[in-house]
Every structure is written in C-alpha cells, then in structure tokens.
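Colleague: Pasted the sequence and its predicted model underneath.
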Amino acid sequence: MTVLRKDEHLYREAEKLMKERYAFYTRSYKGLATERYMVMCMLDIAVRLQHALEHNDSADILERLAPLAEEIEKRLEK
C-alpha cells in the first residue's frame, strides 16, 4: 500500500481509531473470532462516517449565507 506523505497523518489517526474500536469490542464481546471483531469495527466506523456526512451538509451553510451574500451585493452596487 502506498500512502502519500500529505495523507500519512490520516492513516495514523485511522489506525488509532481502529485499535480503539477493536479493543472496545474485544472487551465487550468476549470469545468471538478476529474476523467478527474486524467487521464490527468496520461497521461502527462506517456508521460514524455516514453520520458525519449527514450532519455536515454544506447546503445548510449555503442557505444561511445566501441572505448575507445578497446584502453584500446590494451594498456594493451603491
């Protein structure tokens, strides 16, 4: 796997998150197969990502900025 230097920190943070979630699931659900823990971790992280995507909608920001942009345009026209 090749990792761009500019993205290396992201991979390190992702590794930390995977280790943290893996430790959580191995503590919480004893005796499962390694593959089962990995699937639980992947699903957990995928749901977190989906939640973040749904709550980081830039359309909401654009809607809030539209009146400000209109006000700026009006003042610049004067």
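Modeller: Sure thing, it's come through.

Colleague: switch to C-alpha atoms for all contacts and neighbour counts from now on
Modeller: OK.

Colleague: for whichever strand or helix holds L43, what is the average pLDDT?
Modeller: L43 belongs to helix 34-54 when elements are defined using DSSP states H and E. For helix 34-54, the mean pLDDT works out to 92.

Colleague: what packs against it?
Modeller: Packing partners of helix 34-54 (3 or more C-alpha pairs under 8 Å, 6 or more residues apart in numbering; DSSP states H and E): helix 8-28.

Colleague: mind saving the C-alpha coords of the helix it packs on as CSV?
Modeller: C-alpha atoms of helix 8-28 as CSV (Å, rounded to 0.1, in the frame of the first residue of the first chain):
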residue,chain,number,x,y,z
GLU,A,8,0.2,9.9,6.3
HIS,A,9,-1.3,11.6,9.4
LEU,A,10,-4.8,10.5,8.3
TYR,A,11,-3.7,6.9,8.2
ARG,A,12,-2.1,7.1,11.6
GLU,A,13,-5.3,8.5,13.1
ALA,A,14,-7.3,5.9,11.3
GLU,A,15,-5.1,3.2,12.8
LYS,A,16,-5.6,4.7,16.3
LEU,A,17,-9.4,4.6,15.8
MET,A,18,-9.3,1.0,14.6
LYS,A,19,-7.3,-0.1,17.5
GLU,A,20,-9.5,1.8,20.0
ARG,A,21,-12.7,0.3,18.5
TYR,A,22,-11.2,-3.2,18.3
ALA,A,23,-10.2,-3.0,21.9
PHE,A,24,-13.7,-1.9,22.8
TYR,A,25,-15.4,-4.8,21.0
THR,A,26,-12.9,-7.4,22.3
ARG,A,27,-13.7,-6.2,25.9
SER,A,28,-17.4,-6.0,25.3
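
Colleague: what's it packed up against?
Modeller: When contacts are defined as 3+ C-alpha pairs under 8 Å, 6+ apart, helix 8-28 packs onto helix 34-54.

Colleague: Off-centre distance for the helix it packs on?
Modeller: 11 Å (C-alpha atoms, centre = their mean, to the nearest Å).

Colleague: now the angle from that helix to helix 8-28?
Modeller: Orientation of helix 34-54 against helix 8-28 (axes from the mean of the first three to the mean of the last three C-alpha atoms, to 10 degrees) gives an angle of 120 degrees.
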